[in-house]
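Student: make a model of this:
(2 chains)
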Amino acid sequence: MDNTANSRNSDQNIAIQQELKLKVARKEILNSVIPYAGFIFIIVFFTIVTRGKTVTVSNLTSLINQCFTITLIAVGASFVYAHGGFDFSIGGASGLAQLMGALLLQYLGTPIWMCVIFMIATTVLCSCCVATISLRLGVPVFVASLCVRSIAKGIVETACQDAEIILSYERFKFINNIEVKTIILLVVVAVGYYLFEYTRFGKHQKAIGGNINTARQAGIKVKKEIFLAYIFFGFCVGISSVFSLFRDCTVTAQSGSGIEFNIMIAIVLGGFPMNGGDRSKIPKAILGALTITALTNGLIIWGMDANLVSGFKGLLFLIIIALSYDRSNGKLVS
Amino acid sequence: MSSKLILSAKGVCKAFGLTRALIDVDIDISRGEIRGLIGENGSGKSTFSSIIGGAQKADKGTFYLKEKPYKPTSMVDAQNQGISMIIQEMGNISKISVASNIFAGRLEQFSRFGFLDWKKINREANRVLEDIGAPEIKAEMIIDELNFEDRKIVEVARAMLSDPDILIIDETTTALAQKGRGIIYNLIQRLHKSNKAVLFISHDLDELMEVCNTITVLRDGVVIDTLKENEMSVDVMRKLMIGRESSGSYYRPDYDGRCSDQVVLEAKQISLRSYFKNINIALRKGEILGFGGLSGCGMHEIGRVLFGIDKPITGTVTLLQKDRKIPIRDTSVAVANHMAYVSKDRDKEAIILNASIKNNITLPSLPRLSKKAGLITKKSETELADAQIKLLSIKCRNGNQLVKELSGGNKQKVVFSKWLGKESDVLILDCPTRGIDIGVKEDMYQLMMKLKARGKSIIMISEELTELLGMSDRILIFKDGKLSKEFMRSEDLGEKNIIEYMI
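Tutor: Numbers count the residues shown, from 1 in each chain, chains lettered A, B, ... in the order given. Below you'll find the model as predicted:
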């Protein structure tokens, strides 16, 4: 054996390895920067093309309102997406909760705090239904959640067929307070982040998303953990529904519609892996939520027709998926 | 033996993302040569052969086949130019006939006015099958009706169809029994005599010694040495492969099969439909209990039931601790009470490929790491993972590296370390050394001995008799879902004594 030749080769090898590592590290940094760059680009782009209309006080207030709803849900959805659950029921559940809350207030005169509990219970129940159907019957989450969404939406549409339910805006103005909202949002984000990154609950979700067999063989009660994720998710959707109701003070057949798709785009835009797993991060979901809100808002202020906006978002989703979906193992790489 | 070159490869380089699989590899193969290619997993031997066989392209390097430049664009192209390959994994297309498999991709030659002449196709296929020595396989059979071995033989027939100048055999024989091996050895001899060449890849060093007349050793993508027939010995090869002296024998040196009478895990009358029936097992403290048998004998499923992954239809599994009897209902009970399980299907079951080494190692230990309010600090995770990485010397950048970037042996080390970090007392290891190179294998055996010495109990399920004989205090042989024989550790016990109870 020629030792000198070998050692030379090993040295070369080490040099080449280091160069490759550097390349990969650069790529990783680039990948993590792209979602942030995209967010900033959208803000700057729309500020310029709308000649500053997107950054007026009135628009910023409405932006914050919109962000509030979708960010709340994104935090909850992170837990479900992390274990690989592709939930599509949010809009239906939220609409149903708003209907329930409005009916209780309007016709039964139930106290507000009880209504709030009842609304949150409604969305938790909906997401528990999704979890039960999917776990008991072995149906994919997407299908189960689509069924629940349809049922919930059916109820809302039937109830609002003849007339919208309109509440008095003045009566609930105190809930529509920006400070209250900010505090609630910060609390939910903080709790969500803690649970997700620093406790078994979040880590188990990521493990289940990474490999359900490994998770089970590591002693994780997979079904229980998945169920818990749905409860937390339902809770977040519930809170957002409460504030949606008191902001609009109106329940129509369209209440809650479209949130699920916005969440889906938010998840992808922020670089959150669509099949969950180890690279799931709450900040990614939040960044995505902010981006999609800024984008929707910007397009409308710019003058795009609301119906076109929805089509545009579909196209955007397709493009991002095409660019970032790693087809080799069915995982989304950020 | 004519020394005329048949294939010459110069300066071959290939990288997969971060991993450099081949670095400046020069290999010349002469007519009549049976060239063995050896190296640990990740050394680049399969990469090299698949480049030659046209399955993938080199990043750099030149090839000459029969003195003409050679640059195959696909496996079919390589075959047309005279190089055929039999690969490690199953290479059949299911649900279609044997003949269709043999001629897949080259059926045009039988086409007349747009119709296929199936009579002729089947006749040709039968001729090839007869020619290689497997006349009992018929062209009309559907491939799924054949057993594993016969399906592999169909692949051999496909490779031999074009009368290749070079035949590449990539770890095919390890999966085959006597019949399949016989066919392949005969073909190798035939190619040797007709002045053609064979590139033979195997982990089995004894087999390589017997079959090959030249052996090239690869390590970390570099050619370390090429041995002629008179230079070959198992010890030399092993040393070149792992780059250091090896003890030669890496199994347990002692033949003391005694251990305490204290039973730690007990299965009574367990059955699982279609796999096994009424099995009783008692594992004792500090014992290495081997499960042996053919792959379909039910032993793997018994391991799964013992750990609570599958539920038995009859019987119970009980873990016995000092004064407690714990029925194993599911995996969470097993893990909480310090049982561990290493699946034989590592990538699909034992490991999260897209997660970091750290998160894989800490996964079963999370309940222990949880402090007040469920807090798991980053520091406690890193400490646990780093200690294990050091203990088992896992080759990696750091604990944050993704497991999928590691070689097979290092992945297996990660699997072991997650259970060592959990401080497991009863370990069920299903094929713990499958697809692992010698260096890591040796480490795994050392580890098992250490665990035994510390009073841990191990069930080792294995399809390799040498490893069962080398490591177990007691061996249970299963056949058709029943216990067929029990052997105690003894110096006189050999493979021959056992095989008759397996088949």
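Student: what about the residue of the stretch 201-350 of chain B found nearest chain A, how many residues nearby?
Tutor: Closest residue of the stretch 201-350 of chain B to chain A, Cβ to the nearest Cβ: residue B:335 (2.5 Å). Placement of C-beta: from N, CA and C, glycine included. Residue B:335 has 25 neighbours, counted by other Cβ atoms under 10 Å in any protein chain shown.
Student: now do the contacts for the residue nearest to it when sequence neighbours are not counted.
Tutor: Nearest residue to residue B:335 in three dimensions, chain neighbours excluded: residue A:219, at 2.5 Å (Cβ to Cβ, 6 or more residues apart in numbering or on different chains). Shown in contact with residue A:219 (Cβ atoms under 8 Å, 6 or more residues apart in numbering or on different chains): B:331-332, B:334-336, B:364.
Student: for these, could you give me JSON lines that also reports pLDDT?
Tutor: Below are these laid out as JSON lines (pLDDT from 0 to 100):
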{"residue": "B:331", "pLDDT": "95"}
{"residue": "B:332", "pLDDT": "95"}
{"residue": "B:334", "pLDDT": "96"}
{"residue": "B:335", "pLDDT": "95"}
{"residue": "B:336", "pLDDT": "94"}
{"residue": "B:364", "pLDDT": "95"}
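Student: of these, which is the nearest to residue B:9?
Tutor: residue B:364 (45.6 Å; Cβ to Cβ).
Student: residue contacts, the closest one?
Tutor: Counted by Cβ under 8 Å, 6+ apart, residue B:364 has contacts A:218-219, B:335, B:340, B:418-419, B:421-422.
Student: host element of the residue of the stretch 201-350 of chain B closest to chain A?
Tutor: Residue B:335 is part of helix B:331-336, with elements assigned from DSSP states H and E.
Student: what lies in contact with that helix?
Tutor: A:216-221, B:307-309, B:319, B:326-328, B:341, B:364, B:367, B:422.
Student: could you rerun that using 10 Å?
Tutor: A:215-222, A:224, B:265, B:304, B:306-309, B:317, B:319, B:326-328, B:339-341, B:363-365, B:367, B:419, B:422, B:424, B:426, B:428 (Cβ atoms under 10 Å, 6 or more residues apart in numbering or on different chains).
Student: in ChimeraX, select just the buried ones from those residues.
Tutor: Entered in ChimeraX, the line below selects the buried ones among the contacts of helix B:331-336, by 16 or more other Cβ atoms under 10 Å in any protein chain shown:
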select /A:215,216,217,218,219,220,221,222 /B:265,304,306,307,308,309,317,319,326,328,339,340,341,363,364,365,419,422,424,426,428
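Student: so which of the contacts of helix B:331-336 sit within helices?
Tutor: A:215-217, A:222, A:224, B:304, B:306, B:367, B:419 (DSSP state H).
Student: which of these scores worst on pLDDT?
Tutor: By pLDDT, residue B:367 ranks lowest within the ones in helices among the contacts of helix B:331-336, coming in at 92.
Student: wait, that residue sits on residue A:200?
Tutor: Yes - contact criterion Cβ atoms under 10 Å: residue B:367 and residue A:200 qualify, at 6.6 Å.
Student: and for those two, which residues touch both?
Tutor: A:220, B:374, B:376.
Student: lowest-confidence one in those residues?
Tutor: Where pLDDT dips furthest among the shared contacts of residue B:367 and residue A:200: residue B:374, at 89.
Student: measure how buried that residue is and give me the count.
Tutor: So residue B:374, with other Cβ under 10 Å, has 15 neighbours.
Student: repeat that for residue B:116.
Tutor: Residue B:116: 15 neighbours (other Cβ under 10 Å).
Student: what's the answer for residue A:272, then?
Tutor: Neighbours of residue A:272 using other Cβ under 10 Å come to 27.
Student: so the residue most central in space within chain B, which of the three states?
Tutor: Of all residues in chain B, the one closest to the mean position by Cα atoms, centre = their mean is residue B:435, 3.0 Å from it. Here residue B:435 is recorded as coil under DSSP: H, G, I helix; E, B strand; the rest coil.
Student: pretty sure it is in contact with residue B:464, am I right?
Tutor: No - checked against Cβ under 10 Å, the pair residue B:435 and residue B:464 is beyond contact range at 11.6 Å.
Student: mind putting the shared contacts of residue B:367 and residue A:200 in JSON lines, distance to residue B:469 included?
Tutor: Shown next, in JSON lines, are the shared contacts of residue B:367 and residue A:200 (distance: Cβ to Cβ, whole Å):
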{"residue": "A:220", "distance to residue B:469": "36"}
{"residue": "B:374", "distance to residue B:469": "47"}
{"residue": "B:376", "distance to residue B:469": "43"}
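Student: any idea which of those residues is closest to residue B:142?
Tutor: Distances from residue B:142 to the shared contacts of residue B:367 and residue A:200, taken by Cβ to Cβ, are shortest for residue A:220, at 41.0 Å.
Student: for the closest one, which non-adjacent residue is spatially closest?
Tutor: Here the residue nearest residue A:220, using Cβ to Cβ, 6+ apart, is residue A:204, at 5.2 Å.
Student: please apply the same query to residue B:191.
Tutor: Counting by Cβ to Cβ, 6+ apart, the residue nearest residue B:191 is residue B:198, at 5.4 Å.
Student: contact partners for that neighbour?
Tutor: Counted by Cβ under 10 Å, 6+ apart, residue B:198 has contacts B:29, B:32-36, B:164, B:166-169, B:184, B:187-192, B:211-213.
Student: which of the residues you listed fall in helices?
Tutor: B:184, B:187-192, B:211.
Student: in ChimeraX, select just the buried ones from these.
Tutor: In ChimeraX syntax, the buried subset of the ones in helices among the contacts of residue B:198 is picked out as below (16+ other Cβ under 10 Å):
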select /B:184,187,188,191,192,211
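Student: relative to residue A:62, which of the ones in helices among the contacts of residue B:198 is nearest.
Tutor: Nearest to residue A:62 among those, with distances taken as Cβ to Cβ, is residue B:184, at 73.9 Å.
Student: for the closest one, which non-adjacent residue is spatially closest?
Tutor: residue B:173 (5.9 Å).
Student: re earlier: now, which of the ones in helices among the contacts of helix B:331-336 sits nearest residue A:127?
Tutor: Scanning the ones in helices among the contacts of helix B:331-336 for proximity to residue A:127, where the rule is Cβ to Cβ, the winner is residue A:224, at 15.0 Å.
Student: was I right about residue B:387 contacting residue B:421?
Tutor: Yes - between residue B:387 and residue B:421 there is a contact under Cβ under 10 Å: 7.5 Å.
Student: in terms of neighbours, single out the busier of those two.
Tutor: Between residue B:387 and residue B:421, counted using other Cβ under 10 Å, residue B:421 has the larger neighbour count: 20 against 14.
Student: roughly how far does that one sit from residue B:403?
Tutor: From residue B:421 over to residue B:403 the distance is 15 Å, taken as Cβ to Cβ, to the nearest Å.
Student: phi, psi of residue B:263?
Tutor: phi -80, psi 130 (degrees, to the nearest 10).
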